[in-house]
Each structure stands twice: as C-alpha cells, then as structure tokens.
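> this one's structure only:
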C-alpha cells in the first residue's frame, strides 16, 4: 500500500504535506513513503480538523482517506480544490486503507503516532500499491514538455507545473537569465486546458517604454500620431489562452496600475478608447530580478507583486543541476549538427562541462556546443 511507494520530495519545494484519515497506520505509512525529509507534515483525524489545518497553513499536497468519520471525502475534496486551488488532493485507495486499519486493529490499535508495522506484519497491505500515490510519483518526477533533464532538483519544478497547469492561478517564475523560465511558462500553457488558444508573449525589457502601453493594451485610431487603425494589443490576443509577461521587473512604474487593474478585473481599455474590453487570459510572468527588493526601493508596486506572485516557481541555475548537462549537450549536438548521427561527447569533455560555473546557464551551454561544432 502506501509504504510500498516512495517519492523524492525536495526540502524546499513540494514538502508541505497534510494527511487526513482515521487510521494512524495509514497516516504513518504516507509519511514513510516520502524518501526525503519533509519540512511540514501534519495529520488530521477527520474532515473538520483538515479544514482547520488548511486555513492555518500553506500546504502543497493533501492525502485524503475516503473513510473520514465526520465528512464525505469526495465533497471535502471538491471544497479543497475550490477554496485552495494550489493544493494537490490525493485520494487514498479505500481497499488498501481498510487493510491497513485491519492490521492496526490486529496490533491492538494505536492512539498515538508510533512506528508503522513492517511489511511482514501485513502482507496483504504490502501487496497493494495505491494508484493515486503512483500518479503523484509521476507528477513529481516526469519532465515537462520542451524541458530536458531528470535531476532531482528539477523534479519539484515539474511537479509544481503539473499541479498548476489545469488551474487559472497566476504564476511568477523566477530564476537567473538563461535558465529556461519561458520554457517553463510554455509548459504550463501546453499542459493546460487553454492550449487550443493563443500563447502571447511580451518581453517588458525589449519594448521601449513609450510603446509598451500600446503593445500591451492596444489602441484606437487617432490615439496618437500615426495610429491610423485600431490595434487589439497583446493581452487581448491571448483571449481564452495564456499571456506571458517576461522580465516583468522591467515594467515602468507608470504602467503598473493599469496591469494591476487588468489582473483584478480582467478588463482593459485601449489607448484613445473609452470602451472597456473583458479578456479571459491567464497571466504567467517571469523575472530574473528580486521583485521584493524593487518593492522596497519603490520601483515596483507591492500590490502588483502579490497579484503576480499568487504561486511562485523558482527555476534553479544550471550549475545546480550538473547531472542534466549530458542530456542537454546531446540535445544541442543533434540540433546543430550538419549531418546525423551527431558527434558524440567524450567523457573528458563532458566532465569539463560539468565543472564550469555556467553564468549564462542553459543558453551559455547551447552557445558553447554550437561553437564547438562549428
């Protein structure tokens, strides 16, 4: 059952775990199924206690026994998904949970949390692996569309993206330049129900300040000199889809209130027009800047920061994931080779690549491989 399935959960990411159910043994086995130590692990014996915990803390995964003594587990699950959209709810298999409870009763019951019975004490339980838990294992470890590498430091990123993708939660992706923030944003889009609609991108650092407002919000004819026809703006082109704001830390302070209004009301006005346009677009933003520092310096609005940062995802630099360099190098070798099969990386060259600081991250590695091929 639970004790047979293990998950590598990183201490700084998907490690805030809440387990709800009447059986001490089931709750203990969920804890034992996590290979890495967790930062926050709490237990609740019933549905009402579960809600109290959810209201008073930040949780990322809720393991929920279907046999709650006070509330219907399915109804509670729907309530949690509605009120706490950032939490992944994992329903524990009822058959396995019942067998674990039987084992608990055979041992005389446990009123306090104690060590879980070994697999030998409950052979039937050890033969059942919870399908929901196996699903979570896949969520936490599988790479994202367009991303390469199976390093453990990236697995929490993959897991968080998969938890967030089906929702409309606003996401802020942080990390150094060249680490793949836009790839993460595109993965959120590609795994979301909005994938059939547009993915619109604006890089706030690449558009002149005088043109950024018109580029984002659009304009009506005559709004300024040279505006001969209307322009919908990039936000409106993402109607029904996803709007990605790259380098959001570079957005001028004068434009930030207008973006804040859109995030709050899902409404915008084109330059030179009194018409209010409603736009249903999910907003994902990214930055290599420390936004809270900009807030303290008066360069970024605090209320906008908290709107954008409904759920943050931090992408680690390449130097922290050296085990991914071999896969990334092979990919770039095949991408830039003039003929196939592509040249192979020698062991000495690969070891040299793994020892580099990679200040430019994946983008720098890509350039190095391309230059080497040339």
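Thanks, I have the structure now. Owing to the predicted nature of the structure, the values given are computational and were not obtained by experimental measurement.
> in the chain, which helix or strand is least confident?
helix 123-126 (a mean of 39; mean pLDDT, DSSP states H and E).
> got any ranges where the chain has weak pLDDT?
1-15, 34-40, 56-58, 86, 94-143 (pLDDT under 70).
> could you list the domains of it?
Domain segmentation of the chain under automatic domain parsing yields 2-141, 169-314, 318-373.
> what segments of the stretch 151-300 of the chain are helices?
For the stretch 151-300 of the chain, the helices defined by DSSP state H, counting those that start in this stretch cover 155-164, 181-190, 209-217, 234-237, 256-265, 291-296.
> now do the buried residues in the third one.
It stands for helix 209-217. Of all the residues in helix 209-217, those buried under the rule 16 or more other CB atoms under 10 Å are 212, 213, 214, 215, 216, 217. All C-beta spots, glycine's among them, are computed from the backbone N, C-alpha and C.
> do stretch 187-200 as well
Quick answer for stretch 187-200 (16+ other CB under 10 Å): 187, 188, 189, 190, 191, 192, 194, 197, 198, 199, 200.
> for stretch 341-354, same thing?
342, 345, 353.
> same question, stretch 249-257
Quick answer for stretch 249-257 (16+ other CB under 10 Å): 249, 250, 251, 255, 256.
> re the thing from before, nearest to residue 156, of the domains of the chain?
domain 2-141 (3.0 Å; CB to CB).
> before we move on, back to that, and which of the buried residues of helix 209-217 is nearest residue 338?
The closest of those, once distances to residue 338 are taken by CB to CB, is residue 215, at 37.8 Å.
> apart from its neighbours in sequence, what residue is nearest residue 144?
residue 187 (3.7 Å; CB to CB, 6 or more residues apart in numbering).
> isn't that neighbour up against residue 146?
Yes: using CB atoms under 8 Å, residue 187 is in contact with residue 146, at 5.9 Å.
> contacts for whatever helix or strand residue 64 lives in?
Using DSSP states H and E, residue 64 maps to strand 61-65. For strand 61-65, contacts defined as CB atoms under 8 Å, 6 or more residues apart in numbering pick out 14, 16-23, 26-27, 30, 50, 54, 73, 76-77, 80, 87-92, 97, 136.
> and residue 191, how far from residue 245?
19 Å (CB to CB, to the nearest Å).
> next: residue 75.
Taking CB to CB, one finds residue 75 at 37 Å from residue 245.
> same thing with residue 205?
Distance from residue 205 to residue 245, by CB to CB: 11 Å.
> go on, residue 226?
On the measure of CB to CB, residue 226 and residue 245 end up 25 Å apart.
> wait, what's in contact with the residue nearest to residue 144?
With CB under 8 Å, 6+ apart, residue 187 has these contacts: 144, 145, 146, 147, 161, 165.
> reformat these as CSV; add distance to residue 287 and neighbour count.
Converted to CSV, the contacts of residue 187 look like this (distance: CB to CB, whole Å; neighbours: other CB atoms under 10 Å):
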residue, distance to residue 287, neighbour count
144, 20, 22
145, 22, 13
146, 20, 12
147, 19, 20
161, 17, 23
165, 20, 20
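> of those residues, closest to residue 294?
residue 161 (25.1 Å).
> would you confirm that the closest one contacts residue 184?
Yes: judged on CB under 8 Å, residue 161 makes contact with residue 184 at a distance of 6.3 Å.
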